[in-house]
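Asker: Structure for the following, please:
(3 chains)
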Amino acid sequence: MGFVYALIAAGLSLIFGLMEIVNFAHGEFLMVAMYAAFFAWALGKLDPLLSLPLVAVLLAALGWAVYHGIIRWVLSGPMLAQIFATFGLAILLRSAAQFVFGVDFRTVNEPWLAGRVALGPVFVGVPQLAASVTALAAFLGLYVFLSRSETGLALQATAQDRQAASLMGIDTQRMFALGWAIGSACVGVAGGLLAMFFYIFPDVGSAFALLAYVTVALGGFGNVPATLAAGILVGLVEALGGLVLTPALKYSVVFALYLAVVLWRPQGLFGRF
Amino acid sequence: MIRAIPVGLLLGALVFPAVFTLPFPRHVMIMIFLYGALASAWNIIAGYCGQISLGQAVFFGIGAYTSSILFRELGLTPWVGLIAGAMLAVIVSQIVGYPVFRLRGHYFAIATIAVGEIVQALIVNWDAIGGARGVFIPIKRPDSLVNFQFHQSKAFYYYIALALLLLALAVTRGVARSRLGYYLRAIREDQDAAAALGVNVTREKLRAFAISAALTAMGGTFYAQYLLFIDPESVFPLSLSILICLVAVLGGVGTLWGPVLGAAVLVPLQEGTRIMLGGTGKALDLLIYGALIILVAVVQPGGLMAFFARARTAGSAR
Amino acid sequence: MSLLSVHGGQRAMSLLAVAGVTKSFGGVVANREISFEVAPGELVGVIGPNGAGKSTLFDVITGFARPDAGRVMLDGRDVTTMRPDQISRLGVARTFQKLKPFAGMTVVENVMVGALQKTADVGSARAAAQKVLAGVGLGHRSETEARALSTGQRKRLELARALATGPRLLLLDEVTGGVDQATVPGLVRLVRELHATGLALIVIEHNMRVIMDLSQRVVALSMGRVIADGSPTEIMRDRRVIDAYLGETWRA
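Answerer: Numbering: from 1, shown residues only, chains lettered A, B, ... in the order given. Sure, this is the predicted structure:
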């Protein structure tokens, strides 16, 4: 699960690194992705694993649209406006889902991959395993893209120094939109993967979102590779917390961890800010 | 002429229950007053001081639970519970604020969310005070001011809520005009520059936080006495914190009347959609909220108050 | 050429004493064993090429940065680890190179924040602020929002705000930076007037003419070190200063 968190968090981190906006609607993007995967399965008989690319593209489009439609206008505004713009979006998406789909839980009942597998002393569900592997792969793909490809480097440049980048001929608006698109695509992949074995309902985004914030903060806002380590850490803490304390408190442990890290080392374990 | 409006509103508010004797309009007004007060409290720390706290529900819940538990276990009149709740909230605000105020911007906001979630989870698991089942405030008849319960008519609740709102407004105005107010705004604009001018940033933030916490807790006590039942889901949730912020933001952050205006718009909306659409109404009003928040953030972060101010200066010949 | 050093005791003559201050950020050593003194009422200019560590020095003195080594003494009292607001209350004020106005507040409100250090009463603070504003030539703009001011006016606002705290020592960071040539003499005159009231000043400047005109003493920094400390004329002729500023090509 840590890998999945890392993937979700990577998207967040990317966006923040680019323009210092925390996308409070990130969880809702995840929810949208999960619903999309669900409907691809329910209506189109496509297993979530197969519909992954579709969902990723859909979310990328969503991210791109959100940037151009909303974010672009609040970039120069007060921080309050930025926080509320994405927050409002989150509420909007969540309630729209509730309105349109109702609050019932949905599941993908017969995924391609099912069953359990023994991994040493522990039994792990096959879908979960597949999710982890794919998430890791996606993450690595993202990393390679960011560090090797020309666009990826342009993105990094814009994140480091917006003005210098634009002076070098990089179109910052396009970079921002691209950042949103890719960040959303990450979440899209994560959502598609989660749809294989997780319940799908309108509020599903919020828990993951909070975990994502914590992951990003731990790894350091803006530092994408670090979110992998942080994601794993969070996944572990959550699992351990659930074992040691009552499951209800396991999130609290994660939050407590966040508070501890953020207060002791405000830039996160590896962060730039 | 503009100055006459608040006076007129006050008079109108005072005679309202005499004119509208049905419980529902009174309930709406009570909610407007309550949210107006809560939003004003948030406004002090977030609007004037610029620290976007998204965990106000913590204080609300503390107020509600403190007075209720004291009443149930010790028979202590909720008025004392009100003060106790406020004091406890202040203490918590200082304990939480001291480390968390070192964070800035988005980090701070997320930290407040985290604290809110942790507190809610703790209360849910704290069986001694009801856990997830909540707390029923013992019903005492007859109606009594001492017991802070009125069953015959909501009128008493109405006036108490109004008093709470007026208190919140008075405190906000007092702070805004005082040295603290100037310091808070300076901190909001540029923390470092403020420090270079001798402002002890952390101390002033904590002060604002304490005031905000106390007022919010009082709102919580009122709520408990009004509904006579509280549980973690109703007094501690993140959605409540958000709603409080929205009320202030919609009306106008950092202004005196913004929170009241925001409440006057949102509460009827909330109650209206609940009536009209029943179950699904819950989602629809949130939908509208979401759209509204985005709209406000993008178009006019100053909220409705800024909207009116612009209209006024555009209208008058300058 | 003397580098005055303070041996941990009282030096009744100096208002400010910086001793052996060293500060690094990551791999860069911004300040390297910097030591000098400022006497009450003295006007000291600080010059040095970009990156010489001047603003960092200001940050260290005013509590925005804690040095890795060395001490800052005010009236013989060690203030090295104090917070900026504590140092401000001890009588040290500063302006910032990158201006930091309270954009959403009016000009007079900006200055009031400074004045409120001296009085808790908002009314008196406002009156005091108006007086300071008149002194710097911004009296007519007191109700304007700070964000609407021109750069030159913002510089004056920054100055007024710092003055309102009633300091004994004022640190000016590039007060003539970024303003057009016509505004410079006015600013210089203002600084001189302030000095005449007995205020001690440390002035960072790039404009050579301004510095040489104003300063009683000049401290020259290069690559984080003090390379010269003396009167303006001495500094102008100092080999090391010329090298640092103008480089090899000019060595004729």
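Asker: What does the pLDDT read for whichever residue of the stretch 151-252 of chain C sits closest to chain B?
Answerer: Closest residue of the stretch 151-252 of chain C to chain B, Cβ to the nearest Cβ: residue C:165 (5.8 Å). Where C-beta positions appear, they are placed from N, C-alpha and C, glycine not excepted. Here the pLDDT value assigned to residue C:165 is 92.
Asker: again, but for the one 5 residues further on
Answerer: According to the prediction, residue C:170 has pLDDT 92.
Asker: same check, this time on residue A:261
Answerer: For residue A:261, the model assigns a pLDDT of 70.
Asker: Also the one 4 residues further on?
Answerer: Note for residue A:265: predicted pLDDT of 60.
Asker: Check residue A:30 too.
Answerer: 81.
Asker: That one: neighbouring residues, count only.
Answerer: 30 (other Cβ atoms under 10 Å in any protein chain shown).
Asker: C-terminal to whichever strand or helix holds it, which secondary structure element comes first?
Answerer: Remark: residue A:30 resides in helix A:26-44, with elements defined by DSSP states H and E. Sequence order places helix A:48-66 as the next helix or strand after helix A:26-44, per DSSP H and E.
Asker: show me where pLDDT drops low in the chain?
Answerer: Looking at chain A here, since you left the chain open. A:1-6, A:10-14, A:16-20, A:45-49, A:108-130, A:158-163, A:165-166, A:218-227, A:236-251, A:262-273 (pLDDT under 70).
Asker: try again with chain C
Answerer: C:1-13, C:246-252.
Asker: Need the nearest residue in space to the residue of chain C found nearest chain A, chain neighbours excluded.
Answerer: Proximity of chain C to chain A (Cβ to the nearest Cβ) peaks at residue C:104, 8.9 Å away. Nearest non-adjacent residue to residue C:104, counting by Cβ to Cβ, 6 or more residues apart in numbering or on different chains: residue B:189, 5.7 Å away.
Asker: do residue A:205 as well
Answerer: Per Cβ to Cβ, 6+ apart, closest to residue A:205 is residue A:27, 3.1 Å.
Asker: In terms of helices and strands, where is the residue of the stretch 151-252 of chain C closest to chain B?
Answerer: Per DSSP H and E, there is no helix or strand for residue C:165.
Asker: what's around it, how many residues?
Answerer: 24.
Asker: Point me to the residue sitting closest to the centre of chain B.
Answerer: residue B:38 (1.1 Å; Cα atoms, centre = their mean).
Asker: Where do the strands of the stretch 1-150 of chain A begin and end?
Answerer: A:116-119, A:122-125 (DSSP state E, counting those that start in this stretch).
Asker: what do you get for chain C?
Answerer: C:16-25, C:28-38, C:43-47, C:69-74, C:77-78, C:92-94, C:169-173, C:200-204, C:217-222, C:225-230 (DSSP state E).
Asker: in the chain, which spans are helices?
Answerer: Going with chain A. A:2-19, A:26-44, A:48-66, A:72-74, A:79-101, A:126-148, A:150-160, A:162-167, A:172-195, A:204-219, A:224-244, A:250-264 (DSSP state H).
Asker: let's do chain C instead
Answerer: Using DSSP H, helices in chain C cover C:54-61, C:84-89, C:107-115, C:122-136, C:151-163, C:184-196, C:208-214, C:232-237, C:239-246.
Asker: Give me the contact status of the first one with chain B.
Answerer: No. Applying Cβ under 8 Å from any Cβ of the partner chain, one finds that helix C:54-61 is not in contact with chain B, the shortest distance being 9.9 Å.
Asker: Now do the contacts for the residue nearest to the spatial centre of chain C.
Answerer: Chain C has residue C:171 as the residue nearest its centroid, 1.8 Å off, counting by Cα atoms, centre = their mean. Counting by Cβ atoms under 8 Å, 6 or more residues apart in numbering or on different chains, residue C:171 touches C:58, C:61-62, C:92-95, C:201-204.
Asker: Quick one: name the residues of the stretch 101-250 of chain B near chain A.
Answerer: Counting by Cβ under 8 Å from any Cβ, the stretch 101-250 of chain B sits next to chain A at B:102-103, B:105-107, B:109-111, B:113-115, B:117-118, B:121-122, B:124-125, B:238, B:242, B:245, B:249.
Asker: Would you mind checking the residues you listed for buried ones?
Answerer: B:102-103, B:105-107, B:109-111, B:113-115, B:117-118, B:121, B:124, B:238, B:242, B:245, B:249 (16 or more other Cβ atoms under 10 Å in any protein chain shown).
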